[in-house]
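**Q** next come a sequence and a model predicted from it.
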Number of protein chains: 4
Amino acid sequence: MHVTQTPMLTHTGAMAMLAAAVAEAVRMGQPQCIVIVDASCVPLVEFRMTGSKPLSINSARAKAQTAASIGAETVNIPEAVRTGIGLATGGAVTGLPGGLPIVVDGAVIGGIGIGSGSGDQDIAVAKAALAALSA
Amino acid sequence: MHVTQTPMLTHTGAMAMLAAAVAEAVRMGQPQCIVIVDASCVPLVEFRMTGSKPLSINSARAKAQTAASIGAETVNIPEAVRTGIGLATGGAVTGLPGGLPIVVDGAVIGGIGIGSGSGDQDIAVAKAALAALSA
Amino acid sequence: MHVTQTPMLTHTGAMAMLAAAVAEAVRMGQPQCIVIVDASCVPLVEFRMTGSKPLSINSARAKAQTAASIGAETVNIPEAVRTGIGLATGGAVTGLPGGLPIVVDGAVIGGIGIGSGSGDQDIAVAKAALAALSA
Amino acid sequence: MHVTQTPMLTHTGAMAMLAAAVAEAVRMGQPQCIVIVDASCVPLVEFRMTGSKPLSINSARAKAQTAASIGAETVNIPEAVRTGIGLATGGAVTGLPGGLPIVVDGAVIGGIGIGSGSGDQDIAVAKAALAALSA
């Protein structure tokens, strides 16, 4: 089979995720950097909230890309190989918490990465964005 | 004077601009790549609409950065120096149409760059975003 | 609509395209660099034939990315803007001949770029690859 | 609120900081690399003193960027995550001593990073620069 059908995140879906992420970040009082990537790990959205950490857009991007690439949370990257894989991928693969895959009907259609807060805060914002997608 | 006060675009303002840009792109039937940068030319928003040209996120970024840097539309970069300045800035300065400065009370607080459509379409979407900011 | 269905090139399809491109290059006696990218302009295949020009893998990649991004042949990039767009995209957008979009059911699912031969040879190899996909 | 007011470091302030840093480095007999960045982590000043370590301009830049990004001293980056965050940010986030935030009226307006000396020397030079700003 040369061509197959696959689900794809639309910009409407990406916008819904972004709005939900911002709302949750505001609710918890921790401004965030938010990145959403497609199934090829290419960014669809990058957004820096006022008061977030400017450099965290980079770690948020790596988190989103990692989650989209492995189809699982970033924290699933084993501790023992994190430095090695990080180096070999130019920093794109990371085990930092806050990267979650976007999965629809069993297919990985992208990833979301959040950065600026604690690991728990980053994960909570990513989950709020994913919830908006299924809503 | 070691420190001065300056106006700064908030993420609320950036989100209003983004929403207006997407709405105008939908209205004209030309999906767009949208980038908004701050006064230091660092991206606050990068957004790729479904059906936009993936590589145009790069030219949209350059347009936004150029407009924020010179405080004027990208097309103000004189034809004769475009290649030279483009090369000397790693492609960040461009004369391509579709980059407009974000000006508040006479201060340049950032830039917006649009890419995927014709020059006129790109400029129209940028203007719709700027109108949302002043609204 | 948050998620939509889209056709996607499989590795079986990419392999069929690659084999057809190599066969056509052998037939015409001009070893080639061959790049196939997906709809997000990310490479699926990069292949250098024995005797091809090593640096042409880079122009082949740019051709494939450009064709996938604009959904048309690379030569459709207007002469007047080639340098400007090339600079603003880090060289990813090119007007060099030999880049063709991969279109299925009206959807752009990627691009193929060929480099090392004359423009006509590059285009002929790309077309042979596309023919294998529809076969 | 689409636009807010924020304090910004002027070049007069940056020059005062630079002069104080150089004077303190001369006083202690340790030539230094000195970097000052704005609130977006973009360099305002990069300065290599005669006899400083040329490559330390890079660590000084990372220190300044880190301090501006997190609004705290670089040493606040927890040991356990330094390698992971460093990789995920292309080396921009560092836990090396010698990076301090520039804070005015509770707002982070930038960061200063010093490199070439011992950690204590780097910190002392950064503090001398900050003292000149408040003077």
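**A** Perfect, I can see it now.
**Q** residue nearest the middle of chain A, spatially speaking?
**A** A:Ile112 (1.7 Å; Cα atoms, centre = their mean).
**Q** and the lengthiest strand in chain A, what does it pack onto?
**A** Counting by DSSP state E, the longest strand found in chain A is strand A:107-115. The elements that strand A:107-115 packs onto, with contact taken as 3 or more Cβ pairs under 8 Å, 6 or more residues apart in numbering or on different chains; DSSP states H and E, are strand A:3-9, helix A:11-28, strand A:33-38, helix A:56-70, strand A:99-104, helix A:119-134. Quick note: C-beta positions are derived from backbone N, CA and C, even for glycine.
**Q** buried stuff in the first one?
**A** Read it as strand A:3-9. By neighbour count on 16 or more other Cβ atoms under 10 Å in any protein chain shown, the buried set for strand A:3-9 is A:Val3, A:Thr6, A:Pro7, A:Met8, A:Leu9.
**Q** next up, the contacts around the third one.
**A** Okay, so that is A:Pro7. Counting by Cβ atoms under 8 Å, 6 or more residues apart in numbering or on different chains, A:Pro7 touches A:Val104, A:Asp105, A:Ala107, A:Ile109, C:Val3, C:Thr4, C:Gln5, C:Thr6.
**Q** swap the cut-off to 10 Å and go again
**A** Contact analysis of A:Pro7 by Cβ atoms under 10 Å, 6 or more residues apart in numbering or on different chains lists A:39, A:102-110, C:2-6, C:8.
**Q** ok so, going back, what residues are bridge-paired with the residue nearest to the centre of chain A?
**A** Legend: beta-bridge partners of A:Ile112 under DSSP bridges are A:Ile36, A:Leu100.
**Q** ok so, going back, list the buried ones in the longest strand of chain A?
**A** A:Val108, A:Ile109, A:Gly110, A:Gly111, A:Ile112, A:Gly113, A:Ile114, A:Gly115.
**Q** and if you look at stretch A:76-88?
**A** So, applying 16+ other Cβ under 10 Å, buried residues of stretch A:76-88: A:Ile77, A:Arg82, A:Ile85, A:Gly86.
**Q** pLDDT value on the spatially closest residue to the second one that is not a sequence neighbour, please?
**A** With Cβ to Cβ, 6 or more residues apart in numbering or on different chains as the criterion, A:Arg82 has its nearest non-adjacent residue at 4.2 Å, and that residue is A:Gly95. Per-residue confidence (pLDDT) for A:Gly95: 98.
**Q** quick one: contacts for A:Leu87?
**A** Here A:Leu87 is in contact with A:Val93, D:Thr83, D:Leu87 (criterion: Cβ under 10 Å, 6+ apart).
**Q** in helices, which of those residues fall?
**A** Among the contacts of A:Leu87, DSSP state H puts D:Thr83, D:Leu87 in helices.
**Q** for the closest residue to A:Ile57 other than its chain neighbours, list the residues it contacts.
**A** Of all residues not flanking A:Ile57 in the chain, A:Cys33 sits nearest, at 4.3 Å (Cβ to Cβ, 6+ apart). Residues near A:Cys33 by Cβ under 10 Å, 6+ apart: A:21, A:25, A:46-49, A:52-61, A:63, A:98, A:113-117, A:122, A:125.
**Q** one step back: how much space is there between the residue nearest to the centre of chain A and A:Ser59?
**A** 13 Å (Cβ to Cβ, to the nearest Å).
**Q** who touches both of the two?
**A** A:Val35, A:Gly98, A:Gly99.
**Q** quick check, the last one in contact with A:Gly71.
**A** It refers to A:Gly99. No. Between A:Gly99 and A:Gly71 there is no contact under Cβ atoms under 10 Å: 11.3 Å.
**Q** so A:Ala14 touches B:Phe47, yeah?
**A** Yes. A:Ala14 lies in contact with B:Phe47 (Cβ under 10 Å); the separation is 7.6 Å.
**Q** which bits of chain A sit near chain D?
**A** A:48, A:50-63, A:65-66, A:74, A:77, A:79, A:82-83, A:85-87, A:89-97, A:99, A:113, A:115-116, A:119 (Cβ under 10 Å from any Cβ of the partner chain).
**Q** ok so, going back, what touches both of A:Gly99 and A:Gly71?
**A** Jointly contacting A:Gly99 and A:Gly71 under the rule Cβ under 10 Å, 6+ apart are A:Gly111.
**Q** who has more neighbours, those two?
**A** A:Gly99 (37 against 15; other Cβ atoms under 10 Å in any protein chain shown).
**Q** what's the separation between A:Glu46 and chain B?
**A** Separation of A:Glu46 from chain B (Cβ to the nearest Cβ, to the nearest Å) stands at 4 Å.
**Q** just the pLDDT for that residue.
**A** At A:Glu46, pLDDT is 98.
**Q** cheers, nothing more for now.
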